[in-house]
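[1] pasting the structure only:
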């Protein structure tokens, strides 16, 4: 499996590019054949498009889908740019899709002035040309097996993407967006956030994962469920 991670934008949100191995991906072709290996792009936020292009050029990849964990602009601002540049479909849970066209709507009134220079008020942004219609549960994209796990609380449409790796030491990785981080969890005081719902998600979705699950968060370093179960103060008592 190929996995690249890089922070992008003023809030250093993690964007991920992931592809299956050539030996397991039925769409992959041998090196030198002129074919590009299909890949997924997760959370192309502010200023991420150019960095995505660098990664895919260097590694001979072609995005076939863009997956967004939630609607906040630091994770979704370049979703349409990346998806449309590669004729890829884009998926974001329906409750958060309004933030693709109005990024300021996902911010509190106090935060909106700080982002008005990036997203002028009253100017609607286009949706990606192809919005994917995916349901919660297992899906197969770019030769990869994923499960979409609804995880509301940070936003109404927050979704975890669980990728089955199948390796002994790392059977599964989960792209968590802003639901859980190394040592912390996402805030619930922005539009669409709810503390009680977040606690239910952390208890019933995140902590239900096996301890060896690797968590790839929307900000900061990777961690594991087991490490967070034992050390994250926001998960105690759930």
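    Great, that's in hand. Note that this is a predicted model, so its numbers are computed, not measured.

[2] which strands and helices sit next to the longest helix along the chain?
    Counting by DSSP state H, the longest helix found in the chain is helix 49-59. The contact analysis (3 or more C-beta pairs under 8 Å, 6 or more residues apart in numbering; DSSP states H and E) places helix 49-59 against strand 2-8, strand 13-19, strand 37-42, strand 61-67, helix 79-85. C-beta coordinates here come from the backbone N, C-alpha and C atoms, glycine included.

[3] buried stuff in that helix?
    Residues 49, 51-52, 55-56 are the ones in helix 49-59 that count as buried (16 or more other C-beta atoms under 10 Å).

[4] can you list contacts of that helix?
    2, 4, 6, 8, 15, 17, 19, 36-37, 39, 41, 44, 61-63, 78, 81-82, 85 (C-beta atoms under 8 Å, 6 or more residues apart in numbering).

[5] among those, which ones are buried?
    Buried among the contacts of helix 49-59 by 16+ other C-beta under 10 Å: 2, 4, 8, 15, 17, 19, 36-37, 39, 41, 44, 61-63, 78, 81-82.

[6] residue 112 - how many residues pack around it?
    15 (other C-beta atoms under 10 Å).

[7] what sits against the closest residue to it other than its chain neighbours?
    Excluding the flanking residues, the one nearest residue 112 by C-beta to C-beta, 6 or more residues apart in numbering is residue 104, at 4.9 Å. Applying C-beta under 8 Å, 6+ apart to residue 104 gives the contacts 73, 112, 115-116, 119, 121.

[8] what are the phi and psi values at residue 104?
    Per-residue torsions, residue 104: phi -70, psi -20 (degrees, to the nearest 10).

[9] now do it against residue 211, distance only.
    Using C-beta to C-beta, to the nearest Å, we find residue 104 at a distance of 39 Å from residue 211.

[10] again with residue 218
    From residue 218 to residue 211 the distance is 21 Å (C-beta to C-beta).

[11] who has more neighbours out of the two?
    Set residue 218 next to residue 211 and count neighbours by other C-beta under 10 Å: residue 218 wins out with 29 against 12.

[12] which residues touch the more buried one?
    Per C-beta under 8 Å, 6+ apart, neighbours of residue 218: 13-14, 43, 69, 74-75, 176-178, 181.
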